[in-house]
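> Below: sequence and its predicted model.
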Amino acid sequence: AIALRTGLPLIAVPTTYAGSEMTPVWGLTEHGVKRTGSDPVVQPRGVVYDPELTLTLPVPLSVTSGINALAHAVEALYAPDTSPLVSLMAEAGVRAMAGALPRLAAEPDDLDARGRALYGAWLCGTCLGATTMGLHHKLCHVLGGTFGLPHAETHTVVLPYALAYNAPAVPQALASLHRALDTKDAPRALRDLSVHLGAPRSLAELGFKEGDLTLAAEQVTGEPYANPRPVTAEGVLAVLLAAYEGREPTVSP
């Protein structure tokens, strides 16, 4: 945001695993609404990745910031402006991050695992910077900007349900995720990964109120945006309700 307003050059030294430092994306929350945009001026002139600087990052935040990165790669796989190169990077990023998180959760001082997580973050963030995000990111922007939910934890909870919603429309993206995660059910594998690592399971755990479900759904469907499956109020409400309750994600046509 400072780079956007001033034009000053930015050097990034990331100490979490979301990968956003590789993007020209900015986000500002004002008056309960999160606005996002893309501008080359906010992309760092250089990024320094040093696993040693992430050693003191608590395991819970290590996990949720890493799954935040996974969300970037997942949506890049079915973005309208994806490409074969982006797809390769997204699949590699998912594989790297999903493999690194259990290792660093078990051994927080494992420099190799933390280095692998930064590699995954770089790949996933680069994919975010090269493509247009869809329903998952819109859901998280509304939940964070309007309802004040924590960023990484919200991405972690929502991702399996947003993917399950879009799954019928994105067979190629699913095939990539199945390879990267070594599974036949990507939404469930992503949820199992986060649950196994002790991450929050539901929006209710994050403080979201059931009475706000309809308002959130209205905001998510209030403006058109790219998504592989049509975004309807009924569909979004179902996604939000499943995420609120933390139930098993299910793919339905």
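Good, I have the coordinates. Residues are numbered from 1 along each chain as shown.
> Output the contacting helices and strands for the helix or strand residue 28 falls within.
For residue 28, the host element (DSSP states H and E) is strand 25-30. Applying 3 or more Cβ pairs under 8 Å, 6 or more residues apart in numbering; DSSP states H and E, one finds that strand 25-30 contacts strand 33-38, helix 135-145. For the C-beta atoms, the positions are set from N, CA and C on the backbone; glycine is no exception.
> Where among these is average confidence lowest?
Sorting these by mean pLDDT places strand 33-38 lowest, at a mean of 80.
> counting contacts, what elements does it pack onto?
By 3+ Cβ pairs under 8 Å, 6+ apart, strand 33-38 packs against strand 25-30, helix 135-145.
> List the buried residues of it.
The neighbour-count check on strand 33-38 (16 or more other Cβ atoms under 10 Å) flags residue 34 as buried.
> Repeat that for stretch 215-233.
Neighbour-count burial for stretch 215-233 [16+ other Cβ under 10 Å]: 216-217, 219-221, 226-229, 231.
> And the average pLDDT for that stretch is what?
94.
> okay, how far is it across that stretch, tip to tip?
Length of stretch 215-233, first residue to last, Cα to Cα, to the nearest Å: 10 Å.
> got it, and stretch 176-195?
So stretch 176-195: terminal residues 22 Å apart, Cα to Cα.
> in the protein, which spans are strands?
For the chain, the strands defined by DSSP state E occupy 11-12, 25-30, 33-38, 46-47.
> which residues sit in contact with the most centrally placed residue in the chain?
For the chain, the residue nearest the mean C-alpha position is residue 71 (2.8 Å; Cα atoms, centre = their mean). Counting by Cβ atoms under 8 Å, 6 or more residues apart in numbering, residue 71 touches 136-137, 140, 155, 158-159.
> Among the buried residues of stretch 215-233, which are located in helices?
216-217, 219-220 (DSSP state H).
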